[in-house]
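> Sharing a sequence plus its predicted fold:
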Amino acid sequence: MYTQGLDQQGKPEQEKQRRPAESEAELRAFQRRCDAEEKIEAKDWMPEAYRRTLVRQISQHAHSEIIGMQPEGNWLTRAPSLKRKVILLAKVQDEAGHGLYLYSAAETLGVSRDKMVDDLLSGKAKYSSIFNYATLTWADIGAIGWLVDGAAIMNQVPLCRCSYGPYARAMVRVCKEESFHQRQGFDIMHVLCSGSEAQKAMAQDALNRWWWPSLMMFGPSDKDSEHSAQSMAWKIKRFSNDELRQKFVDATVPQAEFLGLRVPDDDLHFNEATGHYEFGDIDWQEFYDVLAGNGPCNRERLAKRQKAHDDGAWVREAARAYAAKHAVQEAA
Ligand code: BYC
């Protein structure tokens, strides 16, 4: 599809990163392209730091989609009806597709899939903090769709305008599917909230547990976000972490009210003057603990991913053997 990654296939990682020094003139010309809203394509010249930032963000995004299949996949066998099972299955398959799509977008920047997967499995690369929380009840599946996919859409719609063409184009399709995911989650919550007292209590409990981790998905507050300023200058990010978090709160609180649920924040209130909801302090210690690998499910998630990778070894081996056979036939 894109050729920068293909041009560099087979080269060791260090070699791919060795490039001539970047001149001030090149850097200025690149910034002018970003400022003019031109799309940067895989074979265009780009600063090494821009390439590395994108590899980091896109690969982490891909890892999040792949690890994100686990908490929901957990409920495939326990969905309350055939219809819910089919919908959830389609959603989880979508996440797999997003992951593979995003790995391909990252590969256009010259990084190999193997390297990205190694970095995930070794714990070097991050994935979204949100997927280190457990799905204890069926309502958690509703809360994930409603809140987690809702937060994802808020973050990802602006990424459709990201300066890097392959990532921006990938996000268009991803966002369409995320929008369906958000609606199915809200629908689960709506059905539960219109049901028995026990069902409504289950929905409230899920909101209580998923609300704060969903706000953390947007990343550290702007004053602590190390990458935001540069990513915004390069037009990779269009809004800061805090701006997106605020948009999410403003959009989601009225939805909770519609459901008849209480957002678990005593400080939450609407400020008539600003037109925004003000919310309480986020427990950043919890966020950093999860990032450091000490969330409720970090170890379980990585162990399961490692097992899936090991179980798939024969598929990779067969694909390599097929490719080798094909290459011999082509040569002949
Ligand atoms: N979790 O300087 P900052 C989904 C890291 S999947 C973990 O603000 P940046 C879905 C950050 O990486 C949702 N780590 O960074 C799937 C950085 O560490 P490194 C995933 C986080 O990149 C299945 C450090 O903290 N979405 O939707 O400017 C089912 C400093 O942060 C988190 C994406 O990946 C976090 N929450 O901004 C359902 C979207 N937040 O790399 C749904 C694309 C921050 O220096 N990514 N960190 O070691 C982004 O938009 C940006 O990368 C972020 C962070 C807003 C996440």
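Sure, I can see it.

> Please determine how far the residue nearest the centre of the chain is located from Y167.
Centroid-nearest residue in the chain, with CA atoms, centre = their mean: H61, separated by 3.9 Å. Computed with CB to CB, to the nearest Å, the distance linking H61 and Y167 is 9 Å. Just so you know, the C-beta spots here come from the backbone N, C-alpha and C atoms, and that holds for glycine as well.

> Is it correct that the residue nearest to the centre of the chain is in contact with L102?
Yes. Using CB atoms under 8 Å, H61 is in contact with L102, at 5.3 Å.

> Now the common contact residues for these two.
Here H61 and L102 have no joint contacts, going by CB atoms under 8 Å, 6 or more residues apart in numbering.

> how about the residues of the stretch 1-150 of the chain near the ligand?
56-57, 60-61, 64-65, 68, 95, 126, 128-129, 148-149 (CB under 6 Å from any ligand atom).

> if you set the cut-off to 8 Å instead, what comes out?
53, 56-58, 60-61, 64-65, 67-69, 72, 91, 95, 98, 125-131, 144-145, 148-149 (CB under 8 Å from any ligand atom).

> And the stretch 201-332 of the chain, by the same measure?
216-220, 224-228, 231, 236-237, 241, 244, 287, 290-291.

> Quick one, which of these are buried?
Applying 16 or more other CB atoms under 10 Å to those, the neighbour count classes 216-220, 225, 228, 231, 236-237, 241, 244, 287, 290-291 as buried.

> Now do the phi/psi pair for T274.
phi -90, psi -20 (degrees, to the nearest 10).

> The nearest residue to G295 once chain neighbours are set aside: how many residues sit nearby?
With sequence-adjacent residues excluded and distances taken as CB to CB, 6 or more residues apart in numbering, G295 is closest to N132, at 3.3 Å. For N132, the neighbour count with other CB atoms under 10 Å is 24.

> ditto for the one 10 residues further on
Using other CB under 10 Å, G142 has 27 other residues around it.

> residues in contact with it?
185-189, 192, 203, 206.

> what's the pLDDT at it?
Per-residue pLDDT puts G142 at 98.

> now could you export just the CA positions of the helix or strand hosting it as PDB?
Counting by DSSP states H and E, the element that carries G142 is helix 138-143. Written as PDB, here are the backbone C-alpha positions of helix 138-143 (Å, rounded to 0.1, in the frame of the first residue of the first chain):
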ATOM      1  CA  TRP A 138     -22.500  -7.300  31.700                       C
ATOM      2  CA  ALA A 139     -23.100  -3.600  32.500                       C
ATOM      3  CA  ASP A 140     -19.300  -3.100  32.100                       C
ATOM      4  CA  ILE A 141     -19.700  -4.000  28.400                       C
ATOM      5  CA  GLY A 142     -22.300  -1.200  28.200                       C
ATOM      6  CA  ALA A 143     -20.000   1.200  30.100                       C
END
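
> And the next helix or strand past that helix?
Sequence order places helix 150-156 as the next helix or strand after helix 138-143, per DSSP H and E.

> which strands and helices sit next to that following helix?
Helices and strands touching helix 150-156, as assessed by 3 or more CB pairs under 8 Å, 6 or more residues apart in numbering; DSSP states H and E, comprise helix 165-193, helix 197-216, helix 241-259.

> let's see 7 Å
Contact partners of helix 150-156 among helices and strands, from 3 or more CB pairs under 7 Å, 6 or more residues apart in numbering; DSSP states H and E: helix 165-193, helix 241-259.

> Now do that helix, average pLDDT.
Helix 150-156 comes out at a mean pLDDT of 96.

> Which residues does that helix contact?
For helix 150-156, the surrounding residues in contact (CB atoms under 7 Å, 6 or more residues apart in numbering) are 171, 174-175, 178-179, 182, 214, 217-218, 244, 247-248, 252.

> So which bits of that helix are buried?
150-156.

> which among these gets closest to N271?
Using CB to CB, M154 comes nearest to N271 of the buried residues of helix 150-156, at 19.6 Å.

> any low-confidence regions in this structure?
Residue ranges of the chain with pLDDT under 70: 1-20.

> And the strands in it, which stretches?
With strands called from DSSP state E, the chain shows them at 269-271, 276-278.

> for the first one, packing partners?
It stands for strand 269-271. Partner elements for strand 269-271 (3+ CB pairs under 7 Å, 6+ apart): strand 276-278.

> Could you give the separation of the strand it packs on from the chain centroid?
Computed by CA atoms, centre = their mean, to the nearest Å, the chain-centroid distance of strand 276-278 equals 25 Å.

> Same question for that strand: list its buried residues.
Y277.

> ok, that strand: who's next to it in the sheet?
strand 269-271 (antiparallel) (DSSP bridges).

> What are the buried residues along the partner strand?
When burial is assessed from 16+ other CB under 10 Å, strand 269-271 yields no buried residues.

> Next: stretch 274-287.
277, 279, 282, 287.

> of these, closest to the ligand?
Nearest to the ligand among the buried residues of stretch 274-287: F287, at 7.3 Å, using CB to the nearest ligand atom.

> roughly how far apart are the closest residue to W284 other than its chain neighbours and H276?
Leaving aside its sequence neighbours, W284 sits nearest to P220 (CB to CB, 6+ apart; 7.0 Å). Applying CB to CB, the value for P220 to H276 is 20 Å.
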